[in-house]
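*Asks:* Sharing a model prediction with you, sequence too.
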Amino acid sequence: MSNSVEVKIQKLVRDLGRLILSDVERKQSVPASERTTGADPTSWISTFLDARWYADAEGWTAICRIVLPNGGRRSLRTSDAVDGIIMSLSELRKQISTNLWYGLKLSVTPDGNATVEFNDDPNCVIEPMWWRS
């Protein structure tokens, strides 16, 4: 991967992490008047965005989940800004000459720590259990 493309991808992934963190904080916040005594409605362990690209066609799909302290998960609809970054990543990933990836999983914790995993399996988008994660 050329250094220029790598730098652009790194910047977009950092921007994506900040956007997801902001979106989760906004979704998880509940007005004080609606809170149940003893409950912390803003409590969450992590969030992740899992984006996958089709190997034989143009296009992608993504899921975003919030991981709760009780082990449950909540879905989070991706914002237009998040979708825009994923589309930009779509274009940049095509410029990679080796190690093309078909999936990107970005996990973010409430303190802003982020990890990213790339998936080089061209069939990852059709993995049957993926949508249940």
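*Replies:* Arrived safely. Numbers count the residues shown, from 1 in each chain.
*Asks:* all helices for the protein, in order.
*Replies:* Counting by DSSP state H, the chain has these helices, from start to end: 3-28, 80-93.
*Asks:* And residue 93, how close does it get to residue 108?
*Replies:* Per Cβ to Cβ, to the nearest Å, residue 93 is found 20 Å from residue 108. In short, each C-beta sits where N, CA and C put it, glycine included.
*Asks:* Mind pulling up the pLDDT for the residue positioned nearest the centre of the chain?
*Replies:* Closest to where the C-alpha atoms of the chain average out (Cα atoms, centre = their mean) is residue 49, at 1.8 Å. Looking at residue 49, its pLDDT reads 96.
*Asks:* how much space between it and residue 125?
*Replies:* Counting by Cβ to Cβ - residue 49 and residue 125 are separated by 15 Å.
*Asks:* Phi first, then psi, for residue 78.
*Replies:* phi -80, psi 140 (degrees, to the nearest 10).
*Asks:* count of neighbours near it?
*Replies:* The number of residues packed near residue 78 is 19, by other Cβ atoms under 10 Å.
*Asks:* and for stretch 61-74, what are the contacting residues?
*Replies:* Residues outside stretch 61-74 that contact it (Cβ atoms under 8 Å, 6 or more residues apart in numbering): 20, 23-24, 27-28, 43-52, 75-78, 82-83, 86, 125, 130-131, 133.
*Asks:* The same query, at a cut-off of 6 Å, please.
*Replies:* Among residues not part of stretch 61-74, those counted as contacts by Cβ atoms under 6 Å, 6 or more residues apart in numbering are 24, 43-52, 76, 78.
*Asks:* in it, what counts as buried?
*Replies:* Buried residues in stretch 61-74, counted by 16 or more other Cβ atoms under 10 Å: 62, 63, 64, 65, 66, 67, 73.
*Asks:* Farthest pair within the residues you listed?
*Replies:* Greatest spacing in the buried residues of stretch 61-74, by Cβ to Cβ: 62 and 67 (16.3 Å).
*Asks:* quick one: low-confidence ranges for this structure?
*Replies:* Where the chain drops to pLDDT under 70, the residues are 1-2, 29-42, 97, 131, 133.
*Asks:* switch to 90 and redo it
*Replies:* 1-6, 23-44, 55-59, 70-72, 74, 91, 93-100, 125-133 (pLDDT under 90).
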